[in-house]
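Q: A structural model of the following input is requested.
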Amino acid sequence: MNRRAFLKNTALAMGAFAFSDYAIKKYEPLLSFSTLGCPDWTLEKIIGFAVDYGYQGLEVRGLLRQLDLTKATEFSTAQNRAVTVTRMREHDLKFVSLRSSATLHFARGTERQRNLDEGKRFIDLAQQIDCPFVRVYQIRGLRFMSAAVWLFW
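A: Prediction:
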């Protein structure tokens with residue numbers, strides 16, 4: 001491929017990318033709080049508090065002390081997830097992040113696979129409830145390297 005063909009193909013690809021769903025969208029932070037600070041509250045109480053105090057979003061770490069959100073009643077079935085998303089939308093609230101217990105510092109073995117599986121379950125849940133971020137815990141010994149970089153390292 002010569003330089004002209006390369007530039008032409010690159011320009012076409014960039015133009016297609018700019019008009020696709022993958023185009024980078026401006027992220028506007030929302031005033032949010034974490035459910036970590038209210039471990040004994042129901043989702044209804046959490047939503048009520050958010051509305052009363054002018055919050056726009058929720059970071060969900062757990063509900064009623066259940067930290068594995070895929071097992072929490074509000075997220076355990078497709079029907080429950082739909083009801084939960086509807087409740088959030090009715091109050092103009094958004095999920096801003098899900099926090100898992102997954103840690104990514106295990107090099108190999110069953111512990112690594114268990115943590116990867118948990119992370120994947122949370123990613124699937126986030127996609128189903130239109131939540132843009134999933135948080136995993138720090139990678140021990142790699143303080144300056146992000147989890148995303150580490151996964152492909």
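
Q: all contacts plus neighbour counts: C-alpha atoms, from now on.
A: Fine.

Q: Give the closest residue to Leu43 in space, chain neighbours not counted.
A: Leu63 (7.0 Å; Cα to Cα, 6 or more residues apart in numbering).

Q: just how off-centre is the helix or strand hosting Ser97 within its chain?
A: In this assignment (DSSP states H and E), Ser97 forms part of strand 94-103. Chain-centre distance of strand 94-103: 5 Å, with Cα atoms, centre = their mean, to the nearest Å.

Q: That strand pairs with which strands, and in what direction?
A: Strand 94-103 has its sheet partners listed here by DSSP bridges as strand 57-60 (parallel), strand 134-137 (parallel).

Q: I'd like to check the angle between the following helix or strand past it and strand 94-103, please.
A: Where DSSP H and E defines the elements, the next helix or strand beyond strand 94-103 is helix 110-128. On the basis of axes from the mean of the first three to the mean of the last three Cα atoms, to 10 degrees, helix 110-128 is oriented at 170 degrees to strand 94-103.

Q: and helix 110-128, what does it pack onto?
A: strand 94-103, strand 134-137 (3 or more Cα pairs under 8 Å, 6 or more residues apart in numbering; DSSP states H and E).

Q: Output the last one as CSV, nothing but the C-alphas.
A: Which is strand 134-137. Only the C-alpha atoms of strand 134-137 are listed here, as CSV (Å, rounded to 0.1, in the frame of the first residue of the first chain):
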residue,chain,number,x,y,z
VAL,A,134,-17.3,-1.0,36.8
ARG,A,135,-14.6,-0.7,39.4
VAL,A,136,-12.2,-3.4,40.4
TYR,A,137,-9.7,-3.2,43.3
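
Q: Buried residues, that strand. List them.
A: For strand 134-137, burial by neighbour count (16 or more other Cα atoms under 10 Å) applies to Val134, Arg135, Val136.

Q: re earlier: would you single out the least confident of the strands paired with strand 94-103?
A: Out of the strands paired with strand 94-103, strand 134-137 stands lowest, with a mean of 86 (criterion: mean pLDDT).

Q: on that earlier part again, and the contacts of the strand holding Ser97?
A: 30, 32, 56-62, 67-69, 88, 115-116, 118-119, 122, 126, 129-139 (Cα atoms under 8 Å, 6 or more residues apart in numbering).
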